[in-house]
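Asker: when you get a sec, could you give me coordinates for this:
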Amino acid sequence: MRYLIIGGGPAATSALETIRQYDPEGTLTLVSDEPAHARMALPYWLNGKIAREQTYTADATTWEQLGIEAHIGRRATQLDESARRVTLDDGTELEFDRLFLATGSSPVRPPIAGIDHPDVQTMWTLADVERCLEKFSDLACPRIVFIGAGFVGMILVGALSHRQCQLTVIEQEDHILPRMLDPEAASIAEAWLASRDVQVITGATVTGISICEGNDKHVELADGRTIDADVVVLATGVRPNVGLVENTSIRTDQGILVDDHLQTNVEGIYAGGDVAQGPSLYDDEPVVHAIQPTAVDHGRVAGANMAGAEVTYPGSLLMNVVDVCGLQCVSYGNWQSGDDDVVVKNDRDSIYRRLVFRGDHLVGALFVGRAHEVGMLNDMGMVKGILQTRPSLGSWKGFLQENPFDIRRPYIALGVPKQLAGTTLLGRPSRPPHYRHQNAQPESTNTEGHRQLLEAIQQSRS
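Answerer: From the prediction side, this is the model:
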């Protein structure tokens with residue numbers, strides 16, 4: 001069997017490793033315009049906590065050990081689904097029996113005058129971060145203006161808050177993180193940013209970016225205000241990279257449409273990650289969930305099915321977790337569309353919690369607070385578990401409405417731990433990633449509690 005994977009993100013590497021687990025003999029080929037890496041690790045390189053190489057998820061040794069023919073630095077430019085062939089930007093033609101499209105997404109570049117200046121950039125690729133770090137090395141305290149205060153923008157603000165920078169965030173909506181937080185939750189995050197000398201401007205439209213004497217940038221707003229900057233970072237959202245399939249019979253909507261096996265409408269061609277529009281736990285229609293956990297799951301399910309297994313994907317859970325300069329902001333599921341909510345807000349202590357119910361089910365949640373408050377007794381993990389298993393709450397709905405900070409009791413009483421312990425995505429134990437930076441191995445000490453947990457998991461599966 002000839003397998004071809006287009007992309008180098010988590011979906012692609014997860015698919016490669018899963019295929020190789022199921023099919024040790026098949027021919028595996030990868031095409032990626034960048035070295036395989038995790039985009040979610042880029043902020044840690046940006047703030048100096050790790051080196052560039054620690055963002056990688058594979059290298060030349062990985063490809064050799066897994067028997068993969070890797071075309072790194074090349075881009076797929078044409079797909080002929082009938083001939084089962086992909087053409088690369090250097091003219092190379094690659095034939096396949098099974099194809100996995102993990103082409104990811106790209107930043108949206110709004111029509112703003114001056115947006116094409118070299119110091120107006122996204123922070124999406126390895127090259128983007130490298131350029132930004134080079135720019136910072138020449139400035140004692142760079143003035144950085146972010147256009148957009150969504151998930152990506154706030155991650156970058158959090159990363160750069162660890163450097164000596166002057167930060168300004170401009171958001172067109174009336175509050176930051178508009179796709180992730182409601183206005184009340186966002187107000188706490190905005191106050192937190194202000195207390196850390198991050199200027200936040202909401203409800204503002206950028207109309208132009210002008211370059212002045214000394215290479216200063218002026219970010220011009222529709223209301224006449226001007227913000228000075230050394231570097232302007234675009235964080236105005238992303239869109240799926242569907243260009244490769246535009247002139248094919250593969251169906252698209254917002255992304256490439258896939259079924260519960262991650263297969264497109266063309267047999268033998270699969271898609272996953274940011275480019276895929278597929279099943280969701282809390283949506284009737286297929287959706288794009290451009291988050292790393294979904295990408296990894298997509299890759300594993302698609303890889304198994306491409307190699308001949310029969311794995312049904314239950315659907316992704318929309319979840320976002322972002323550290324806003326030390327304040328944890330979390331959203332799960334359909335937090336915007338419940339029929340019954342419970343909200344707790346404490347502005348003084350920067351605490352917000354909202355549980356969203358639809359009928360007899362918990363369907364979404366928002367958390368804002370310091371790490372020890374948001375993660376209290378692993379509340380985040382337990383709420384996620386309830387959302388993934390979707391039990392009928394019964395009388396525990398009323399309990400949660402009266403006691404939204406006591407997740408543990410309904411979590412245990414509803415049998416969520418047992419159900420999670422007996423569930424695997426592929427019907428078999430997962431394996432750790434093949435690649436580790438400098439072959440470093442994790443260190444852990446197994447306690448008595450850990451031994452008991454493992455025993456309980458084994459018993460639940462027997």
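
Asker: now the nearest residue to Ala276 once chain neighbours are set aside: how far from Leu94?
Answerer: Sequence neighbours aside, Val258 is the residue nearest to Ala276 in space, at 5.1 Å (criterion: CB to CB, 6 or more residues apart in numbering). C-beta: built from backbone N, CA, C; applies to glycine. Distance, Val258 to Leu94, by CB to CB, to the nearest Å: 21 Å.

Asker: more neighbours: the two, which one.
Answerer: Set Val258 next to Leu94 and count neighbours by other CB atoms under 10 Å: Val258 wins out with 27 against 19.

Asker: which ones are touching the closest residue to Pro142 other than its chain neighbours?
Answerer: The shortest distance from Pro142 to any residue other than its chain neighbours is 4.5 Å, reached at Asp230 (CB to CB, 6+ apart). When contacts are counted by CB atoms under 8 Å, 6 or more residues apart in numbering, Asp230 is found next to 119, 135, 139, 142-144, 215-217.

Asker: number of nearby residues for Pro442?
Answerer: Each residue near Pro442 was counted by other CB under 10 Å, and the total is 6.

Asker: now do the SS call for it.
Answerer: With DSSP: H, G, I helix; E, B strand; the rest coil as the basis, the three-state label of Pro442 is coil.

Asker: swap in Val129?
Answerer: The three-state assignment at Val129 reads helix, by three-state DSSP.

Asker: ok, it - contacts?
Answerer: Applying CB under 8 Å, 6+ apart, one finds that Val129 lies in contact with 42, 45-46, 52, 123.

Asker: could you pull out the helices for the stretch 201-350 of the chain?
Answerer: Assigned by DSSP state H, counting those that start in this stretch, the helices in the stretch 201-350 of the chain fall at 292-306.

Asker: low-confidence bits of the stretch 51-200 of the chain, can you list those?
Answerer: Under the criterion pLDDT under 70, no range of the stretch 51-200 of the chain is flagged.

Asker: quick check, nearest of the contacts of Val129 to Ala302?
Answerer: Distance to Ala302, by CB to CB, is smallest for Leu42 among those, at 24.4 Å.

Asker: now the helices for the stretch 51-200 of the chain?
Answerer: Taking DSSP H, counting those that start in this stretch, the helices of the stretch 51-200 of the chain run over residues 60-66, 126-137, 151-160, 183-195.

Asker: residues of the second one that come out buried?
Answerer: Within helix 126-137, the residues that count as buried by 16 or more other CB atoms under 10 Å are 126, 128-129, 131-132, 135-136.

Asker: could I get those as JSON lines with distance to Asn247?
Answerer: Listed next are these as JSON lines, based on distance: CB to CB, whole Å:
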{"residue": "Leu126", "distance to Asn247": "29"}
{"residue": "Asp128", "distance to Asn247": "29"}
{"residue": "Val129", "distance to Asn247": "33"}
{"residue": "Arg131", "distance to Asn247": "33"}
{"residue": "Cys132", "distance to Asn247": "35"}
{"residue": "Lys135", "distance to Asn247": "38"}
{"residue": "Phe136", "distance to Asn247": "41"}
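
Asker: which one of these is nearest to Lys384?
Answerer: For the buried residues of helix 126-137, the residue nearest Lys384 by CB to CB is Val129; the value is 29.5 Å.

Asker: tell me how far Asp284 lies from Asn334.
Answerer: As judged by CB to CB, Asp284 and Asn334 stand 11 Å apart.

Asker: what about those two, which has more around it?
Answerer: The neighbour comparison of Asp284 against Asn334 (other CB under 10 Å) goes to Asn334, with 19 against 6.
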